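Visitor: pasted the sequence and its predicted model underneath.
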Amino acid sequence: MLARLLCLILSLTLFAPTARAYRGLASCPDLVPLNPIVVPDQARRCGRTVARAARRYVNRALRAQQSCLLRLQKGETTGNPARRCVAQARFSDQTIAMPSDPKTALRLQRATRRLRESISSACDASASAALAACAAEPAGLADCVLWEQQSHIQHLLEQQFGEVEPVSKPAIRCQRAIAAAARGFVARNLAAEQRCLDRNNQATGDRGAQCLGSVESSNRVAPLDARTAERESRAEATLRRALARHCSAKALAEIDACTSDPGQLGDCLACSHRRESMLLVQGQRGGTADRPTTHFIDWSSLANPVLQESDRMMKNQSVVYDQGYFYVFTGQRFEPDFTGSRKQWLYRTSDFHAFEKLDPPNLGRFFGSTQSIDGTWHLTTNGGVGGGKFEIFHSTSTDLLDWVSLTSLTPGLMENSIIDGSLTKRDGYWFLTFKDRALQKPFITRSQTALLDGTWMTPHRAFAGTDDPIFGFVEAAHFMTIDGVQRVVVTGRDLERVRCTPAYHIIYTCDHEPWIYTIDQPTTDLATWSQWNRPTQLRVPFEDWNTFAHANTGHIADWRQHDGFFYLSYSGSSDGDSFELRGHGKLGLARSRDLVHWRVAGDLRD
């Protein structure tokens with residue numbers, strides 16, 4: 001056992017892939033920035049210095065990391081692009097891991113030192129606290145401003161470069177133009193917005209609308225301040241001219257920027273980089289939500305965990321919405337020596353404060369996925385068929401309360417036990433993904449006919465980006481279609497690998513994190529469903545209640561039609577010893593407009 005654990009740890013260290021930012025939404029997600037606070041007179045110098053130092057850091061850090069990625073594209077150097085060239089803003093400990101390229105790391109260290117020196121020279125403890133930003137003292141303020149800026153720089157680089165591979169000289173010219181034009185666009189936007197906030201520091205009303213603008217209904221709403229709006233308009237014109245001059249359709253086809261269409265390149269870069277510019281500014285001082293962004297869930301009143309029980313742990317949950325209620329289907333595990341009732345409840349709430357415990361007949365077990373397909377609710381869960389073997393069981397309902405009896409959906413399909421089933425329907429056929437419990441690998445199958453009658457094609461192995469036994473591992477998958485693109489949301493391994501000790505905890509839940517994959521152009525041919533691409537780890541902020549199992553068994557609900565947000569439910573715990581080394585799992589919520597920037601319950605930032 002010890003040898004196996006040591007091999008596992010070595011694998012985690014040597015063979016980890018690198019997370020990529022998610023950029024799959026076709027439209028420009030909404031963004032309503034907070035209203036920046038009025039900076040007191042005694043903190044004005046500190047506020048200006050933080051803004052200027054952060055802007056300079058963003059420009060220097062972008063240039064350094066872009067240069068390294070361009071060298072990779074030109075074939076002058078080799079290696080994993082993200083690890084070699086991009087500093088990683090780690091969520092687990094709020095630190096920045098420097099890239100392995102010595103030249104890039106040195107340039108970033110110099111940029112970091114300059115930012116720290118600027119903030120320490122202008123910000124004492126009282127001024128730092130008055131900014132109401134991410135920390136109340138100078139050293140902590142420099143740390144968290146750096147982390148916040150670098151996390152957004154990673155997203156900017158993803159939009160500019162995507163997956164980096166050697167390309168032709170015309171494509172290099174296009175990529176270099178994208179990098180330089182985008183960097184200049186961000187710098188001009190940051191300068192215009194920061195100076196506007198400084199000029200309008202004492203102004204009444206919404207300084208966010210005055211100086212930052214917003215994105216609403218996928219359209220950019222310019223700042224109300226005419227000078228700022230004009231500067232940003234000129235910056236966008238400069239960006240578009242540079243792109244049009246250097247990026248043909250042929251060149252764009254070779255690289256992996258945010259679009260391969262020259263006519264859309266200016267739109268997607270202007271939108272994504274304006275959003276990140278607003279978020280960069282928002283990270284430099286505190287703010288308030290003067291413009292409510294949702295009436296669907298009273299988000300400001302919530303705090304995680306939103307659901308917990310003292311006698312059981314919860315995970316493998318799915319949360320669905322119907323007729324004014326949220327229904328929480330969650331697996332529930334008890335301690336081996338627990339002598340009370342082991343009844344598993346279906347929870348229902350209208351506000352995530354008060355929960356009803358429901359006991360629908362014919363269910364009684366909720367490990368799995370619940371979703372609406374063609375107007376009917378479908379639940380898949382794990383069910384025993386004797387001899388310690390599990391198959392995927394299935395039930396349907398029209399109202400989430402009355403369900404037909406659970407029956408096996410996969411009779412005799414696999415020799416081993418299978419768990420974690422999820423259904424979807426496409427082009428008249430049913431598709432089912434599940435995990436082979438013995439092999440710990442995902443599979444996918446398709447119904448032989450249009451009927452959901454338990455007759456399936458021979459399952460195919462599904463490859464989650466790689467066949468690596470550690471980082472090819474996924475479980476608790478569920479299908480989603482987002483803006484017409486087929487996605488798979490899964491639980492996979494955490495890439496940061498800095499929290500999970502002792503080693504045996506890695507096997508269970510400590511390093512389990514939510515990921516999203518893309519199935520490119522799936523057809524009725526089952527083979528087109530077996531490769532899951534563009535692995536993207538969903539970065540959820542840490543809180544005190546989930547320091548061990550952080551965001552296990554993540555489940556995404558697309559409720560944009562109600563308030564513009566995706567919602568992520570997940571299981572977390574602060575221990576890894578109870579409940580057979582799985583920890584006392586409780587359920588939390590986070591939301592996001594773009595699947596990149598996640599805010600936990602109570603955090604009103606977009």
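Guide: Structure's in. What do you need?

Visitor: could you give me the average pLDDT of stretch 67-86?
Guide: Stretch 67-86 carries an average pLDDT of 93.

Visitor: okay, that stretch in CSV with CA atoms only?
Guide: What follows is stretch 67-86, C-alpha atoms only, in CSV (Å, rounded to 0.1, in the frame of the first residue of the first chain):
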residue,chain,number,x,y,z
SER,A,67,7.3,36.7,-25.4
CYS,A,68,7.9,33.3,-24.0
LEU,A,69,4.8,31.8,-25.7
LEU,A,70,5.9,33.4,-29.0
ARG,A,71,9.3,31.7,-28.7
LEU,A,72,7.5,28.4,-28.3
GLN,A,73,5.4,29.1,-31.4
LYS,A,74,8.4,29.9,-33.4
GLY,A,75,10.0,26.6,-32.3
GLU,A,76,12.9,28.4,-30.6
THR,A,77,12.2,26.5,-27.3
THR,A,78,10.1,23.5,-26.2
GLY,A,79,8.0,22.5,-23.2
ASN,A,80,4.6,22.7,-21.7
PRO,A,81,3.5,26.2,-22.7
ALA,A,82,1.6,27.0,-19.5
ARG,A,83,4.3,25.6,-17.1
ARG,A,84,7.2,27.0,-19.1
CYS,A,85,5.8,30.5,-19.8
VAL,A,86,2.9,31.4,-17.6
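
Visitor: how about residues contacting it?
Guide: 17-20, 65, 88, 99-101, 103-104, 154, 157, 161, 163-167, 171-172, 175-176, 179, 255 (C-beta atoms under 8 Å, 6 or more residues apart in numbering). Heads up, the C-betas are built off the backbone N, CA and C, glycines and all.

Visitor: show the buried residues in those.
Guide: Buried members of these, counted by 16 or more other C-beta atoms under 10 Å: 17, 19-20, 65, 88, 99, 101, 104, 154, 157, 161, 164, 167, 171-172, 175-176, 179, 255.

Visitor: in strands, which of the residues you listed appear?
Guide: Under the assignment DSSP state E, those contribute Gln88 to strands.

Visitor: next one: phi and psi at Asp594?
Guide: phi -130, psi 10 (degrees, to the nearest 10).

Visitor: pLDDT wise, what is it at?
Guide: 89.

Visitor: that one - how many residues pack around it?
Guide: Using other C-beta atoms under 10 Å, Asp594 has 22 neighbouring residues.

Visitor: any idea how far the most centrally placed residue in the chain is from Leu495?
Guide: With distances taken as C-alpha atoms, centre = their mean, Leu538 lies nearest the centre of the chain, 2.5 Å away. Leu538 sits 12 Å away from Leu495 when distances are taken as C-beta to C-beta, to the nearest Å.

Visitor: mind checking pLDDT for the residue lying closest to Gly340 once chain neighbours are set aside?
Guide: Nearest non-adjacent residue to Gly340, counting by C-beta to C-beta, 6 or more residues apart in numbering: Asp311, 6.0 Å away. pLDDT recorded at Asp311 is 94.

Visitor: so who does Asp311 touch?
Guide: 334, 338, 340.

Visitor: of the residues you listed, grab the buried ones for ChimeraX.
Guide: Buried members of the contacts of Asp311, defined by 16+ other C-beta under 10 Å, are picked up in ChimeraX with:
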select :334
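
Visitor: now tabulate the contacts of Asp311 in a markdown table and tack on secondary structure, pLDDT and distance to Ser272.
Guide: Listed next are these as a markdown table, based on DSSP: H, G, I helix; E, B strand; the rest coil; pLDDT from 0 to 100; distance: C-beta to C-beta, whole Å:
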| residue | secondary structure | pLDDT | distance to Ser272 |
| --- | --- | --- | --- |
| Phe334 | coil | 94 | 46 |
| Phe338 | coil | 92 | 50 |
| Gly340 | coil | 88 | 52 |
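
Visitor: got the contacts of Asp311 as TSV, with distance to Arg183 columns?
Guide: Converted to TSV, the contacts of Asp311 look like this (distance: C-beta to C-beta, whole Å):
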residue	distance to Arg183
Phe334	55
Phe338	58
Gly340	61
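
Visitor: ok, so of the contacts of Asp311, who is nearest Ile392?
Guide: Nearest to Ile392 out of those is Phe334 (C-beta to C-beta; 23.0 Å).

Visitor: that closest one reaches Glu309, doesn't it?
Guide: No - Phe334 is not in contact with Glu309 according to C-beta atoms under 8 Å; the separation is 10.0 Å.

Visitor: burial count for the nearest residue to Trp345 once chain neighbours are set aside?
Guide: Nearest residue to Trp345, sequence neighbours excluded (C-beta to C-beta, 6+ apart): Lys357, at 4.2 Å. Lys357 has 11 neighbours, counted by other C-beta under 10 Å.

Visitor: please report phi then psi for Lys357.
Guide: Per degrees, to the nearest 10, the backbone of Lys357 is at phi -100, psi 120.
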